[in-house]
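Student: what follows is a predicted protein model with its sequence.
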Amino acid sequence: MKLALVYPLAALAEIGGCFAFWAWLKLDRSPVWLVPGVISLIAFAWLLTLVPSDAAGRAFAAYGGVYICASLAWMALVEKTTPDRWDLIGGAVCLIGAGLILFGPRG
């Protein structure tokens, strides 16, 4: 699976799974929310195994930048809270860092 698809899908799975727990504990939703939450977190972990990398830590570190930007998108789309300029600048810096980790020359 292509990296451009794996990381965003992993981010969606992780954020969705974590949000299910958030909803249960913080928003007084039914414990039934935990079932799709756990399934989503399992999907997240599996998706990260599809990243072509010689080191798991490198794949996870680069994913962090994508996760941060996906979290800001979640905040905007699901929670209806507009990211401010510092959120956007921080997200861009994180994506640049993720690119350096993934695509930097090794030698």
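Tutor: Nice, I can see it.
Student: check contacts around F44.
Tutor: Listed by C-beta atoms under 8 Å, 6 or more residues apart in numbering, the contact set of F44 reads 10, 13-14, 17. For the C-beta atoms, the positions are set from N, CA and C on the backbone; glycine is no exception.
Student: show me which of these is closest to A98.
Tutor: A10 (12.5 Å; C-beta to C-beta).
Student: helix, strand, or coil at the closest residue to that closest one other than its chain neighbours?
Tutor: Leaving aside its sequence neighbours, A10 sits nearest to L47 (C-beta to C-beta, 6 or more residues apart in numbering; 4.0 Å). With DSSP: H, G, I helix; E, B strand; the rest coil as the basis, L47 sits in helix.
Student: is it correct that L47 is in contact with L12?
Tutor: No - using C-beta atoms under 8 Å, L47 is not in contact with L12, being 9.3 Å away.
Student: quick one: which of those two has more around it?
Tutor: Shown here are L47 and L12; by other C-beta atoms under 10 Å, L47 has more neighbours (21 against 17).
Student: just the buried residues of the helix ranked longest in the chain, please?
Tutor: Looking across the chain with DSSP state H, the single longest helix is helix 3-26. Within helix 3-26, the residues that count as buried by 16 or more other C-beta atoms under 10 Å are 3, 6-20, 24.
Student: where along the protein do the helices fall?
Tutor: So, for the chain - with DSSP H - the helices run 3-26, 34-48, 56-77, 85-103.
Student: V51 is in contact with L5, isn't it?
Tutor: No - using C-beta under 8 Å, V51 is not in contact with L5; the gap is 10.9 Å.
Student: noted, bye for now.
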